[in-house]
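Trainee: The following comprises the amino acid sequence and a computationally predicted model.
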Amino acid sequence: MPSSQHEALHHLFRDKPELYAHAFKLLNIDFPAPSEIAVVDTDLTEIKPIVRRSDTMMLFTLRRGAKHLVITESQSKQDDAKISSWAYYVCHAHIKYECPVTLLVICRDEDTAKWAREPKPIGLPGHPSLIVQPIGLGPDNVPAITDPEEACKSAVLTVYSALTHAQSPEVDAILKALDVALNTIDIETAKYLAEMTEIGLGDTRARQIWRSLMTMQNYRYKSEFAEMLRDEGRVEGRVEGRVEGEAKGEAKAVLTVLEQRGVPVTASVRERILACTDLELLESWLVRALKVTSAEELFD
């Protein structure tokens, strides 16, 4: 079963089609400007009981009425068994929709992306009957968008940059740039992109960094993780008093951020944080918790 990371990569292209234009531009590939874009059925099964289903298929209607189909596949590792599937997808879609077909493979690691781009001949050595050669996107040709000003030009592309570079040392700076960009767009789109980022980062250190960023109170949007932390405070507030409960919830948020970032917390520091009832001070600690290298730095 595909993972949530796998799904997030191609769903981002499906839900935000403008990302295709960015992708082709990054690779210096000319792609005609479409007048219409539609998601089409990804089921490529024939009468025979063999299920063939691609990840995402988008049908581009060009300005003069011509059609062009783009099949987007999310690939997490090298897998030669995919070659026959991709050949089938391209040929079947070409026949079904009677138009040119482009196969775009999106990858999270450089080795897989390089493998995806290699020509994959089918037939006799030196005389292939068919060559499958996808366009491959990966960390080596997707820029790491670390400049907030650049991120604000396209929040969607910055999300994709973060997902592609999830295991890169630059991901911290990318996520901070994305933080700035999401606060410049409409709330509903920001919510969607924030959640897609959280899902797409998967079980990585980058996901914990993103979750930590999203616990900050000055955000206009919240992740499920952030809301969970706030709800803990609200529930305890009903029992122990609203202000005291909110303070305890805020204190737990500070500790959670430190723990998720791998910052050691001594018993004395934990006791001091949990004992604090000053909401303004706790909020400042929560912001500092995103950057400190030791828990004691919170109190500087």
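Mentor: That came through fine.

Trainee: Show me which strand runs longest in the protein.
Mentor: Of all the elements of type strand in the chain, the one with the most residues (DSSP state E) is strand 67-75.

Trainee: Against which helices or strands is it packed?
Mentor: helix 4-15, strand 56-62, helix 81-97, strand 101-107 (3 or more C-beta pairs under 8 Å, 6 or more residues apart in numbering; DSSP states H and E). Bear in mind the C-beta positions are built from the backbone N, C-alpha and C, glycine included.

Trainee: Just name the most buried of these.
Mentor: Using mean count of other C-beta atoms under 10 Å, the stretch among these with the largest mean neighbour count is strand 101-107, at a mean of 23.

Trainee: Give the next helix or strand downstream of it.
Mentor: helix 110-117 (DSSP states H and E).

Trainee: before we move on, the earlier item: what angle sits between the longest strand of the chain and helix 81-97?
Mentor: Angle of strand 67-75 versus helix 81-97, following axes from the mean of the first three to the mean of the last three C-alpha atoms, to 10 degrees, is 160 degrees.

Trainee: just the helices in the stretch 151-300 of the chain please.
Mentor: 155-164, 171-182, 187-200, 205-213, 224-240, 242-260, 267-275, 279-288 (DSSP state H, counting those that start in this stretch).

Trainee: would you turn those helices into TSV with distance to residue 60 and mean neighbour count?
Mentor: TSV is the format used below for the helices of the stretch 151-300 of the chain (distance: least, C-beta to C-beta, whole Å; neighbours: other C-beta atoms under 10 Å):
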stretch	distance to residue 60	mean neighbour count
helix 155-164	17	26
helix 171-182	26	22
helix 187-200	22	19
helix 205-213	32	21
helix 224-240	34	15
helix 242-260	41	20
helix 267-275	54	14
helix 279-288	44	16
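
Trainee: Lowest average confidence across those, which one?
Mentor: Lowest mean pLDDT of the helices of the stretch 151-300 of the chain: helix 224-240, a mean of 48.

Trainee: Check the spacing between residue 96 and residue 56 real quick.
Mentor: Residue 96 sits 16 Å away from residue 56, taking C-beta to C-beta, to the nearest Å as the criterion.

Trainee: whoops, residue 35 was the one
Mentor: 20 Å.

Trainee: Next: residue 71.
Mentor: Residue 71 is 7 Å from residue 56, by C-beta to C-beta.

Trainee: what does residue 75 give?
Mentor: Separation of residue 75 from residue 56 (C-beta to C-beta) stands at 13 Å.

Trainee: re earlier: so can I have JSON lines of the helices and strands packed on strand 67-75 showing mean pLDDT and distance to residue 282?
Mentor: Formatted as JSON lines, the helices and strands packed on strand 67-75 follow (pLDDT from 0 to 100; distance: least, C-beta to C-beta, whole Å):
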{"stretch": "helix 4-15", "mean pLDDT": "68", "distance to residue 282": "32"}
{"stretch": "strand 56-62", "mean pLDDT": "88", "distance to residue 282": "43"}
{"stretch": "helix 81-97", "mean pLDDT": "92", "distance to residue 282": "50"}
{"stretch": "strand 101-107", "mean pLDDT": "93", "distance to residue 282": "41"}
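
Trainee: Tell me which of the ones you listed lies nearest to residue 160.
Mentor: helix 4-15 (6.0 Å; C-beta to C-beta).

Trainee: OK, contacts around the closest residue to residue 286 other than its chain neighbours?
Mentor: Nearest residue to residue 286, sequence neighbours excluded (C-beta to C-beta, 6 or more residues apart in numbering): residue 254, at 5.1 Å. Residue 254 is in contact with 273, 282, 285-286, 289, 298, counting by C-beta atoms under 8 Å, 6 or more residues apart in numbering.

Trainee: Next up, the contacts around the closest residue to residue 103 other than its chain neighbours.
Mentor: Counting by C-beta to C-beta, 6+ apart, residue 103 lies nearest to residue 134, which is 4.3 Å off, once chain neighbours are set aside. Listed by C-beta under 8 Å, 6+ apart, the contact partners of residue 134 are 73, 86, 103-105, 116-117.
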